[in-house]
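# here is my input, please return the structure:
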Amino acid sequence: MDLEAFKKQPREYIRDALASDEVPSGFLLDDELWSVVRWICAERQGILGFDALRRFTERRVEAFCKQTDELILRAIRLRSIPDEVLRDKNGWKRICQVRGRNFAEVDRLTWRHICEMRGGLGVPAGPYE
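Numbers count the residues shown, from 1 in each chain. Below is the predicted model of the structure:
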């Protein structure tokens, strides 16, 4: 299913994705579509909605981590890293690896802002700061 089809019938797409366990990473990394995914999962009752959101969140983090260093570096510079990635240990590790390989390309204030964003999410400072 393409992006336009998703926008026309998001509920049907999410239901199908939940049933098949297949979600294209482009959908998971788009913030507007991610908010729709979260809303639909929250609408589901009880553990089914929570479990669906957990699975989609894991896939969102995994999709982000599989991106090239260039794309992650761009997200760092733009300070546009998804909250779920900042909270996740592997997501944070990948961000730190990219920053380490491109240390001169990430200014100190940008990195501080990202660390503050992560801290604002209730994640304690870790060894990758």
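# neighbours of R87, how many?
15 (other C-beta atoms under 10 Å). From N, CA and C alone the C-beta is placed, and that goes for glycine too.
# got it, and E84?
20.
# have a look at this protein and report its longest helix.
In the chain, taking DSSP state H as the definition, the longest helix is helix 46-65.
# now that helix: average pLDDT?
The average pLDDT for helix 46-65 rounds to 80.
# now that helix: buried residues?
Neighbour-count burial for helix 46-65, counted by 16 or more other C-beta atoms under 10 Å, picks out G49, A52, L53, F56, T57, R59, R60, V61, A63, F64, C65.
# in this protein, where is pLDDT below threshold?
Across the chain, the ranges flagged by pLDDT under 70 are 1-7, 10-11, 13-28, 44-49, 125-129.
# what about the residue sitting furthest away from the middle of it, which SS state?
Centroid-distance maximum for the chain: A104 at 24.7 Å, with C-alpha atoms, centre = their mean. With DSSP: H, G, I helix; E, B strand; the rest coil as the basis, the three-state label of A104 is helix.
# just read off the phi/psi values of G119.
phi -60, psi -40 (degrees, to the nearest 10).
# could you export stretch 93-106 as PDB, CA atoms only?
What follows is stretch 93-106, C-alpha atoms only, in PDB (Å, rounded to 0.1, in the frame of the first residue of the first chain):
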ATOM      1  CA  LYS A  93      23.900   3.800  20.800                       C
ATOM      2  CA  ARG A  94      23.500   4.200  17.100                       C
ATOM      3  CA  ILE A  95      23.100   8.000  17.400                       C
ATOM      4  CA  CYS A  96      26.300   8.100  19.500                       C
ATOM      5  CA  GLN A  97      28.200   5.900  17.000                       C
ATOM      6  CA  VAL A  98      27.300   8.300  14.100                       C
ATOM      7  CA  ARG A  99      28.200  11.300  16.200                       C
ATOM      8  CA  GLY A 100      31.500   9.700  17.100                       C
ATOM      9  CA  ARG A 101      32.400   9.000  13.500                       C
ATOM     10  CA  ASN A 102      31.400  12.600  12.500                       C
ATOM     11  CA  PHE A 103      32.500  14.400  15.700                       C
ATOM     12  CA  ALA A 104      33.500  17.600  14.000                       C
ATOM     13  CA  GLU A 105      30.200  17.800  12.100                       C
ATOM     14  CA  VAL A 106      28.000  18.000  15.200                       C
END
